[in-house]
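got a structure for you, letters missing:
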């Protein structure tokens, strides 16, 4: 775990996706007519990065290997442009490399030796990366880091730059905002809300039971809504949340892609090149997987705690990618669509609305069609003209259960005046539904108990905890929205007010 956290902290500085215009200008002044050839070990290393990508890339992202991916490989003295589609000013052409089978250009190094980044260079999406020694990585770990950056090239080729620009988070001319954006990393509540997403994401991503996956995914979706609301309060223009979902989409899914490539490389089906296996200090992908990558799911579990920095978005993105693999196997076909982000995909996979309406007193109450414990379908609309009390509750919620006798008495007392009480419980499997039916019989509940199987209605009504009570007036509008337990006298007064209100 300590090793993984150290990697996560270092990754903030390692993965930078912005145009280094100053470096580009300086690069043009660096002439190196006598640059040496790329060393054979370095050529073998780069060849392995291409080999891994060509062999496994399509198993992770369809169409990935059809994209051109040039490198600028930075050594202590020189940097080498590999497979660049044109001659670069300031570089010396060195011809075709026999190991790589690609053209090489060279110059005295301008980029930092510790760089691991992807951004447009001379208008071409390019990977700029230092040596394994400079990045303090084993050879196999370096190749996997390169795959992370290669995925960024795919993002750019599929409209990623334009998609992010539509959020209008930062400057169009100075992409440095992507690193320097003033997100409230030091706000303890923000980090707690990130953790409250990460923990159920981890549970859902690692659970083998379909019911458990959906339940934990629903909990994660609820946590996303709380997080979004909280960030909206801190940033009325919504830029904090927009920045969060951008980073999860871009860096988080690159982190996910690196994880999946490591997983596939560690399997017995993948064979690295023979020349790569013969390099000094070679470690197998299986060894690198066991030492580091397979435990990265714990970074999801501890998101917001493992790193209180931009790296937290890497962890959330990894968790959301792994979850979507289970919930929506074809999610990658929608990943690049303009205006579609990871949270949107999760809500869609759960059958929940992308945006939860902000219900306030006087707002129209969302209609629903749910099944009660007898199997009958019940809708809110069928009670138009009556006052409806919606009791969102769970059998394990002590205040919810303690309120049942009073709700029963209110139903008996005000039924003739037009009161209808509906108890709503969400995301129950078959066993949970059977328990609810037994519970209804034991407590002799005299009002319908509805099952919100997918959590859709719970989401529409912004339910984040239990109990939660709504009173809907005769005109179908919200008359009361009360989170938490409510006193018996107060509840009865609100019911009386609604019964004699203007909706009559």
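Good, I have the coordinates. Note that the structure is a prediction, hence the values are computed from the model and not measured. Numbers count the residues shown, from 1 in each chain.

those strands in the stretch 251-400 of the chain, which residues are they?
369-372, 377-379, 387-392 (DSSP state E, counting those that start in this stretch).

what helices or strands is the last one leaning on?
Read that as strand 387-392. helix 398-414, strand 419-426, strand 468-472, helix 488-499 (3 or more C-beta pairs under 8 Å, 6 or more residues apart in numbering; DSSP states H and E). For glycine as for every other residue, the C-beta is placed from the backbone atoms N, C-alpha and C.

would you turn the ones you listed into a markdown table with mean pLDDT and distance to residue 238?
Compiled in a markdown table, the helices and strands packed on strand 387-392 are given as follows (pLDDT from 0 to 100; distance: least, C-beta to C-beta, whole Å):
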| stretch | mean pLDDT | distance to residue 238 |
| --- | --- | --- |
| helix 398-414 | 94 | 33 |
| strand 419-426 | 94 | 27 |
| strand 468-472 | 95 | 25 |
| helix 488-499 | 95 | 33 |
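
out of those, flag the one nearest residue 162.
strand 419-426 (37.9 Å; C-beta to C-beta).

flag the shaky bits of the stretch 1-150 of the chain, pLDDT-wise.
1-35 (pLDDT under 70).

for residue 368, which of the helices and strands packed on strand 387-392 is the nearest?
Across the helices and strands packed on strand 387-392, closest to residue 368 is strand 419-426 (C-beta to C-beta), at 8.5 Å.

touching the strand or helix carrying residue 441 from outside, list them.
Taking DSSP states H and E as the criterion, residue 441 maps to helix 430-442. Applying C-beta atoms under 8 Å, 6 or more residues apart in numbering, the external contacts of helix 430-442 come out as 373, 395, 425, 428, 445, 449, 451.

before we move on, the earlier item: to residue 193, which of the helices and strands packed on strand 387-392 lies closest?
Proximity to residue 193 (C-beta to C-beta) singles out strand 468-472 among the helices and strands packed on strand 387-392, at 19.1 Å.

what inclination does that closest one have with respect to helix 488-499?
Going by axes from the mean of the first three to the mean of the last three C-alpha atoms, to 10 degrees, strand 468-472 is angled at 30 degrees with respect to helix 488-499.

what's in contact with strand 468-472?
Contacts for strand 468-472 (C-beta under 8 Å, 6+ apart): 359, 365, 380, 387-392, 461, 478-484, 486, 491, 494-495, 498.

coming back round to it: quick one: which of the helices and strands packed on strand 387-392 is nearest residue 322?
strand 419-426 (23.6 Å).

just to revisit the earlier point, between the helices and strands packed on strand 387-392, which gets nearest to residue 76?
strand 419-426 (59.2 Å).

note down every partner strand of the closest one and its orientation.
Sheet partners assigned to strand 419-426 using DSSP bridges are listed as strand 387-392 (parallel), strand 449-452 (parallel).

out of those, which gets nearest to residue 118?
Using C-beta to C-beta, the strands paired with strand 419-426 put strand 449-452 closest to residue 118, at 43.4 Å.

average pLDDT for that closest one, rounded please.
Here strand 449-452 scores 92 as its mean pLDDT.

chain center to it, what's the gap?
Relative to its chain's centre, strand 449-452 lies at 29 Å (C-alpha atoms, centre = their mean, to the nearest Å).

same deal with stretch 148-164?
So, by C-alpha atoms, centre = their mean, the centroid of stretch 148-164 is 16 Å from its chain's centroid.

for that stretch, buried residues please.
Across stretch 148-164, burial judged by 16 or more other C-beta atoms under 10 Å covers 148-158, 160-161, 163-164.

now swap in stretch 187-206 and tell me
Quick answer for stretch 187-206 (16+ other C-beta under 10 Å): 190-191, 193-206.

show me how the record splits the chain into domains.
For the chain, automatic domain parsing gives the domain ranges 10-158, 163-349, 369-499.

how about the spatially closest residue to residue 372 that is not a sequence neighbour, phi and psi?
Closest residue to residue 372 apart from its sequence neighbours, by C-beta to C-beta, 6 or more residues apart in numbering: residue 448 at 4.5 Å. Phi and psi for residue 448, reported as degrees, to the nearest 10, are phi -60, psi 140.

point out where the stretch 301-450 of the chain drops to low pLDDT.
In the stretch 301-450 of the chain, residues with pLDDT under 70: 353-359.

hmm, try it at 80
352-360, 427-432 (pLDDT under 80).

residue 313 versus the spatially closest residue to residue 320 that is not a sequence neighbour, what's the distance?
The shortest distance from residue 320 to any non-neighbouring residue, by C-beta to C-beta, 6+ apart, is to residue 342 (4.4 Å). For residue 342, the distance to residue 313 equals 10 Å [C-beta to C-beta, to the nearest Å].

okay, and the common contacts of these two?
248, 252.

follow-up on the earlier one: now the two most distant members of the contacts of helix 430-442.
428 and 445 (15.6 Å).
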